[in-house]
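K.L.:
structure for this input, please:
(2 chains)
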Amino acid sequence: MPDAPRSPTPSRSPNLFARRTTATTVNSEPLNHDELVDLLPLWIGGDLDESTADRVAAAVADSDELSERAEELAATRRIFVDGLASALRTDPAPDLWPGVRVALAADGVLAPAVSPGESARVLAFPWRRVAAAAALLVSAALLWTAAGEWAAPDEPTAAGESTAMSERLVGEGGDTSAIHRPAATHTVADVQPADVQPADGSRAAPGGLVPLGPRASQRDASQLLYFVGDGPADAALGTGTRLVSDVR
Amino acid sequence: MDADGPLDADLVRAAQRGEAAAFEALVKRHQDRAWRIAKGMVGDREEARDLAQEAFLRVFRALDRFDFQHEFSTWLSRIVSNLAIDHLRRRRPLTDGLEGEDDELRPTREDESAPRPGDRLEQLETAALVRECIDRLAPHFRSVMILRELEGLACAEIAEIVGATQVTVRWRLHRGRKLFQEEWSRIEARRLGEAAPARTPPRESSHGA
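P.N.:
Below you'll find the predicted structure:
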């Protein structure tokens, strides 16, 4: 182990340095002490040409001081290598391909594909956005065609019969099976933003589409739509789209 | 390098034709090295991951310009190394780098208020101290030392990677080893001072003011 720090070796010119470290410029001049000291950091790493290395080795063998300096340098070199290797052993290389592929897919230069165990968050991102946008467009078109029905007067309901709101959930993965469940006793006009909880703060108007903005889970951020009102909107739903429709 | 499976050059050609599987094979074959270089250079895991990943993206985008006279691994290492150097230079520098090959490295004064390690140097603690020393080296010293000491590359290949002459590479290697030794000696002196503060006189910093 090195004890006290030595004074920094004066910086030498690269030309002088090259003279001693390239095989093509071997010369037979004797190496003076300063030059030998200066060559030790390369000698301990085997980075000198053979001729120069032999001369340094001979000088080190004859000099306790040079030998001690060389041992210190070699010891710290081992510390450098062992320290780095130890850090890498405890922190193995991650698999970079999933991230690379996602980035390339986002750039449009590589077709996205899903493989088991892959990061769904990143991979699904473009697809979910596209699905959400498509669902929004189709739902809006259907809403447009159903506008006449919305404007027509409702059939009278039986006394005491409450208007129910059903919520349909179309699950992820394109599952179009609907879950019907009676909801609160709202009429269409009674549907309040709190009933649909749009994340972007927009109001849920009867017959309107309320896109939900980012929620707690970004994974689902762009795929949730609320459809308020009654109509054949379920046909327009895309993956993971949530429908709230009023049924009378 | 290519003992198992197709040659890198063949994979590059296939990737140039648009075969994603070929590029995937290149990534998986060389990601360990890219990771080691990036991690060795910057230390932080997430930063290293980002740098290594960005290097592969740049490789992909420049595949058409790949020079088949060179090794793919050399090309990749150069990109990783350059990205890491740029990244380190954007950080608040701990040291002044060399403007020219004749300049001296002038490390900053040690932060005496920084937390000090304990007395026992376990393996991980040693790694952390090594990291501390490396972080005080200018980026171009780091890259050469990591490529030589960790990757075991010859000076000629390192020269190709870092875009310098072999003489410059040896110069940086020489200075890097010396500077690392000085930094390590300073840490050793600090540890000795902690272990026996009453008996060990404070050592003078090798870097002075």
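K.L.:
give me the number of residues near B:Arg33?
P.N.:
20 (other CB atoms under 10 Å in any protein chain shown). (C-beta placed from N, C-alpha, C; glycine too.)
K.L.:
hmm, it is touching B:Ser73, no?
P.N.:
Yes. Contact status for B:Arg33 versus B:Ser73: in contact at 6.4 Å, counting by CB atoms under 8 Å.
K.L.:
off-centre distance for the helix or strand where B:Phe60 lies?
P.N.:
Assessed by DSSP states H and E, B:Phe60 sits inside helix B:45-61. Chain-centre distance of helix B:45-61: 15 Å, with CA atoms, centre = their mean, to the nearest Å.
K.L.:
in stretch B:138-156, what counts as buried?
P.N.:
Residues B:138-151, B:153, B:155 are the ones in stretch B:138-156 that count as buried (16 or more other CB atoms under 10 Å in any protein chain shown).
K.L.:
which secondary element of the chain has the worst mean pLDDT?
P.N.:
Unless you meant another one, I'm taking chain A. strand A:164-169 (a mean of 32; mean pLDDT, DSSP states H and E).
K.L.:
oops, I was thinking of chain B
P.N.:
For chain B, judged by mean pLDDT, DSSP H and E, that is strand B:106-107, with a mean of 35.
K.L.:
I'd like the next helix or strand past it.
P.N.:
Assigned by DSSP H and E, the successor of strand B:106-107 is helix B:123-135.
K.L.:
is that following helix anywhere near chain A?
P.N.:
Yes. Applying CB under 8 Å from any CB of the partner chain, one finds helix B:123-135 touching chain A at B:Gln123, B:Leu124, B:Thr126, B:Ala127, B:Ala128, B:Leu129, B:Val130, B:Arg131, B:Cys133, B:Ile134.
K.L.:
which non-adjacent residue is nearest the residue of chain B found nearest chain A?
P.N.:
Chain A sits closest to B:Val130 of chain B, with a gap of 2.7 Å, by CB to the nearest CB. Closest residue to B:Val130 apart from its sequence neighbours, by CB to CB, 6 or more residues apart in numbering or on different chains: A:Gly83 at 2.7 Å.
K.L.:
so where does B:Ile79 fall, helix or strand?
P.N.:
helix B:72-90.
K.L.:
angle of that helix against helix B:45-61?
P.N.:
With axes from the mean of the first three to the mean of the last three CA atoms, to 10 degrees applied, the angle from helix B:72-90 to helix B:45-61 works out at 130 degrees.
K.L.:
counting contacts, what elements does helix B:72-90 pack onto?
P.N.:
helix B:8-16, helix B:20-42, helix B:45-61, helix B:139-145, helix B:155-162 (3 or more CB pairs under 8 Å, 6 or more residues apart in numbering or on different chains; DSSP states H and E).
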